[in-house]
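Colleague: Predicted coordinates and the sequence they were generated for:
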Amino acid sequence: MVWLNTLYGVLNACFILLVGPLIDGVERKIRARLQNRRGPSILQTWYDLVKLLRKPAARTGVPSTLFRLSVYIGFVNLLIVSLFIPSILCGGMGFFGDLILFIYLLSSSKVFVLIGSYSSGSPYASIGSTREVSLSMASELVLAEIIALIALSRSSLLLSNVFPVTAVLRPSVLIGLGVLGIIVYIEHSRLPFEIGEAEPELAGGYTIEYAGRDLGFILWSNTIRRTLLTTFLIDLIIPLDVLYHLVIYPVLLFSIMIVFTAIETGWGRLRIDISLKYVKRLSYVMWGVILLALIGY
Amino acid sequence: MKLYRRSLWVFHLNSGSCNGCDIEILNALAPRQDAERLGVKLVGSPRHADAILFTGPVTREALPSVVRAIQAVPEPKIVLAVGACACGGGIWHDSYCVLGGIQGLYRVLKSMGVAPPKTIYVPGCPPKPEAIIHGIMLARGLAGQRQARSEYFEEQGPAVKAEEDLHRLFHKCFPGRLPPKTARVEWGVTRY
Amino acid sequence: MRSSGINQVRPRNKYELMIDLRRFGEPRLRGKYLFLSRIKSGRLRDLVDYLHWRLGGYYSTSIGVDERPLDGYFHVYHVFVLEEYGVYVLVDLIADPGHPVVESITPVVPAANWAEREIMDFIGVKFRGHPEPHRLILPDDWPENVYPLRKDYPYDDKLPTSDKIAKLVRESSPATWEPEAPGDHTVIPVGPYHPALHEPEYFELFVEGEKIVDARYKGFMVHRGIEKIAESRLSYNQVSFIAERICGICGFTHSTAYCQAVEEAAGIDVPERAEYIRSILLEIERIHSHFLWMGVAFHLLGYDTGFMIMWRLRESIMDLAEELTGSRKMYGANIVGGIRDKWDIRDDKAALIKRMLDEIREEYLKYIPKIISLEEIKKRTRGVGVLSRSDARKYSVLGPHARASGIKTDVRKYRPYAAYKYVNVEIPVLDDGDIYARMIVRHEEILASIDLIHRLLDNIPKTPLHADTSYIPERRHGIGCTEAPRGEDLHFVITGRDNKLYRWRPRAPTYNNLLSVPAMLRGEYLADAPIIIASIDPCFSCTDHVVVVDLRSGRRRPLRTRGVVGGR
Amino acid sequence: MNRIKVLLENLRRGVVTEQYPFKPIRVPERLRGKPVIDPDKCAGCGACVNACPPNALTMRDDKHSSMRFIVLFIGRCIYCGKCEEACPFGAIRLTREFELAAENREDLYQVVGLRLYHCPLCGEPFTTVRLIKRVVEALPEEQRAAATLCPRCRESVTAHYRSYARR
């Protein structure tokens, strides 16, 4: 069974790797249509990635090892996550405590890139990464709370045991899923919470000093991260069943992303302090929800 | 360039332009022209860029920042000189405070030992957004060049004959009795 | 100050004003211009104080002219606008070429600071008592004692740039990329290449965390030597094209102001039809400029959909301009004395304009109330970047920026030019002084401009398009003012011989408006900096042959290029 | 809800993007595009060169080859149309062409080379054969011969003949 799970894991990882940029392409098309534009081809993000990966990384003047390595560490972290999260196939290399590892790797993948970017010394990069860190710290706290809630509800720390959390229909779980939806949206760094890159303010923010291949991996990581977060949300909702995962999962994945895009298109950017306030409020709500779960609802 | 066939990220570099071209560049991304559909994206950091949309006649004051920004763009890069100022210095080409467009900049780059990158000229004052898009497509080898050098040189034979006719006309009317040859004079407006 | 019987009585009209000003020098009245020459020694600052702070006028700009070929002296003209009397007072100071020093008026009128420094840079006249007599506009590697606007300096003299290159090589290591931080604050450079600006300009923001402590503006990147080219190479009618290229957004207003200045100087009466066409094109330009601003503002607020909508609507205006003038942006219609023949607006075009404008208005009104009621737009514009009325007066800001701070000012209404003489112009004024107010003022102006074009088109008379301009007298002074989309735009000319200008000095509205930016930035969030800077609709290329910087008072230091900025 | 209404309004309008590089766009009648010199009409008088604000049009006389070159550098042109107004022969006009991008700077030039005309008296070249020919054709019979001289010689010749008349 181990080899089968390994195979499942690898196939899942491949799926995530491939579909991440594709979803981004679809999103760009949708966004364009909502703005009366024709928009790029849905493969455009892939084209961009291929181009970036073929370009040399040109790390002139930014010699720090951290700067260079952090991108790849972040990417590998996400790759590991995609090995044990069930996505298109309902299986993976699960092990005890992978629920904890999931949140750890997911957040560390981002933090690594931010630290690397901070080390470049560019003022925009440092402001961008500081902002991004403060927001993702806040939102990951909420994510941790949600995971605690899930672990509590299904009394397990094994991903394959907690999926789907909808098997226990309690008010606390439903609220938790709702909050998770919002947190996934925030973690996607979509408008109005897209403040780390903030093109008009920070000229690309934390990505400013990266070029070529490095930048390609950052972008790829970002799409994978988005896909993984959404996958986690979907896994919690639909049953852990081959057919469900093969058919319903991709449909849900794309429709959630499209809905998110539509929401995003309608928003402007919030300022960091306002965004943080929102996320903190969510955090308080989650504490309440955990209490609710503890008393059995 | 084959690498940029499907995707080209551009960085907009203004070296002291009047804004006309810069606004038209932004305009190329607006819904009507929507350059994004062609895989063009405007990026905020020169390190992300594949190509530079270069505007302005290069003022002396902007020169250091311009050179730095150009050097920050990783190879292989394409420079699109957008507008009359960038292509040939525009109406300020000979002013004391400008270097006269991208050629002046390249002279500086050469003196620093940097080879000028591949350059596409997009004339216009300002060029229509479509003209900029055409330039971008040309740079990527996706569109053909419409503009070509045209030269015309008058044939010698008929012209010499006409001149002789005119001279004959003169000598017929003024046979002999002419004043002594006047001093050599430079006539005509001669501008470089 | 001495006081006499005459001092107590406020002059009632320009003639009384002229008699009144005899106390200070020799006044000479010619039409709208009150020249005041031979200022009595020691009375200059009293005079300036009187004009600027007591008579209700305001200091506009200063012009340095090298008139050595004419009368052997350098001249400095301080221009004061006295709307109440309908005159421009030109205080004419003379500097001896051997020892070119005149008294500075900056201690009395701080707004003159930069104009005087510009004269020091370009003409080489020194100002006695100037608080910061440092180089302002010319590049750092410009040699001392070379003054480009002196008549003996060739316009196309290209000084070698070798110093600059050496410096570049020295500084090319990224360690010097960041400017040093003064004290404990982080310095965030905004520019020279910043996606928010689209022009090479450079702000330095001193921040603590996300809060801005102070700001400093450093410009001069777009100094292209326009004035010198116009005075040396171009003829009267060619200058209107270079004037148009001062700015790629509001170029036509510059060329109109220039033409008006020459027409004033030469006493040319522009035919009515040309005036109407000028006004129509000016209003089209205003609409496109405001749409552009709205789009950029939404983009800076992260609301890209808004940007796309505004620029889509603007595209119709651009089409209209292209249809009327043959170019989307550079209309090229103005010549001294009127409008070029091909640029006539015939009846079929008039119908087209009306139809298109109605469509644009209808669609615009569908969107804009919804967009400006969006939560994040409101949150980030209301109460942000506030400029109080008194501050606005202090910095003497212009245009929509001033109108959003409760100041009633508009050249079109109070000093009407072109066809604004024949129609009533409504000007929206709000008191809040924040970004939201500026947005609403511009929104109202778009609608007002559309109405205005309709009225202008209804009344357009049938007259020739341009007057006879074969004779333009020599050594006449003229001032042309227009209301650019960003505020009052002032052009000063002295006519010359050989179909050429003797002196031309444009002053763009951003010149004044930029002064207020650091004041608006202090204490705001860093994330709001781009929108605050953009909220004045800055046009650096307009301003930059003459540039303004606000440093906190008391800070005296020459400006350097980035990389070597020290503490305060 | 305004947020959604804006997007719905956008959807109602639909895509406005043109197909540009693949399909031509509508170009307005008056568009001021690339200036083109008709070399057959051009007489090399240099009126356009004097009118051109940015010096996109330049003129150079080459005595060796006895040619006058009118050089139009489109890269510097500001499309003001002054040359079109100035040209007495209607030889230069602005077309509606705007796709002027070129990979090579050389491609942005138009050169018109015309034969120089030499004054029958002093032998100095001062303008083009074509211009003199056209001037001569336009003048009444009795003034034609004088028009074939360079201005300086014409002055001295007329002075010479005037002195004859006075005698």
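Modeller: Received, thanks.
Colleague: mind listing the helices for chain D?
Modeller: Using DSSP state H, the helices of chain D run over D:2-13, D:47-51, D:82-86, D:129-138, D:144-147, D:151-166.
Colleague: List just the one of those helices that sits closest to chain B.
Modeller: helix D:144-147 (3.4 Å; C-beta to the nearest C-beta). (Glycine included, C-beta is placed from N, CA and C.)
Colleague: So which elements touch the closest one?
Modeller: Applying 3 or more C-beta pairs under 8 Å, 6 or more residues apart in numbering or on different chains; DSSP states H and E, one finds that helix D:144-147 makes contact with helix B:156-173, helix D:129-138, helix D:151-166.
Colleague: Kindly reformat the ones you listed as CSV containing mean pLDDT.
Modeller: Converted to CSV, the helices and strands packed on helix D:144-147 look like this (pLDDT from 0 to 100):
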stretch, mean pLDDT
helix B:156-173, 88
helix D:129-138, 91
helix D:151-166, 76
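Colleague: List the buried residues for the strand ranked longest in chain D?
Modeller: The residue-count maximum for a strand in chain D (DSSP state E) belongs to strand D:109-118. Within strand D:109-118, the residues scored as buried using 16 or more other C-beta atoms under 10 Å in any protein chain shown are D:109-118.
Colleague: Whether it contacts chain B - can you check?
Modeller: Yes. For strand D:109-118, a contact with chain B is found by C-beta under 8 Å from any C-beta of the partner chain, at D:109-115, D:117-118.
Colleague: How far off centre is the lowest-mean-pLDDT helix or strand in chain B?
Modeller: Each helix and strand of chain B was given a mean pLDDT (mean pLDDT, DSSP states H and E); the minimum falls on helix B:63-72 at a mean of 82. When C-alpha coordinates are averaged (C-alpha atoms, centre = their mean, to the nearest Å), helix B:63-72 and its chain have centres 20 Å apart.
Colleague: Any idea which residue is closest to the centre of chain B?
Modeller: Geometric centre of chain B, nearest residue: B:Cys87, 2.1 Å, by C-alpha atoms, centre = their mean.
Colleague: Roughly how far does A:Ala167 sit from chain D?
Modeller: 34 Å (C-beta to the nearest C-beta, to the nearest Å).
Colleague: Return the residues in contact with that residue.
Modeller: Neighbouring residues of A:Ala167 by C-beta atoms under 8 Å, 6 or more residues apart in numbering or on different chains: A:154, A:239.
Colleague: which stretches of chain D aren't confidently modelled?
Modeller: Along chain D, segments meeting pLDDT under 70 span D:164-167.
Colleague: For it, what lies in contact range of chain A?
Modeller: Checking chain D against chain A by C-beta under 8 Å from any C-beta, the hits are D:3-4, D:6-7, D:10-11, D:13-17.
Colleague: Sketch out the helices for chain B, chain order is fine.
Modeller: According to DSSP H, the helices that chain B contains are B:20-27, B:63-72, B:83-88, B:101-111, B:129-139, B:156-173.
Colleague: Who are the packing partners of the last one?
Modeller: Helix B:156-173 makes packing contacts with strand D:109-118, helix D:129-138, helix D:144-147 when contacts are defined by 3+ C-beta pairs under 8 Å, 6+ apart.
Colleague: And it, what's buried?
Modeller: Buried residues in helix B:156-173 (16+ other C-beta under 10 Å): B:159, B:162-163, B:166-167, B:169-170.
Colleague: one step back: highest average neighbour count across the helices of chain B?
Modeller: Among these, judged by mean count of other C-beta atoms under 10 Å in any protein chain shown, the one packed with the most neighbours on average is helix B:83-88 (a mean of 33).
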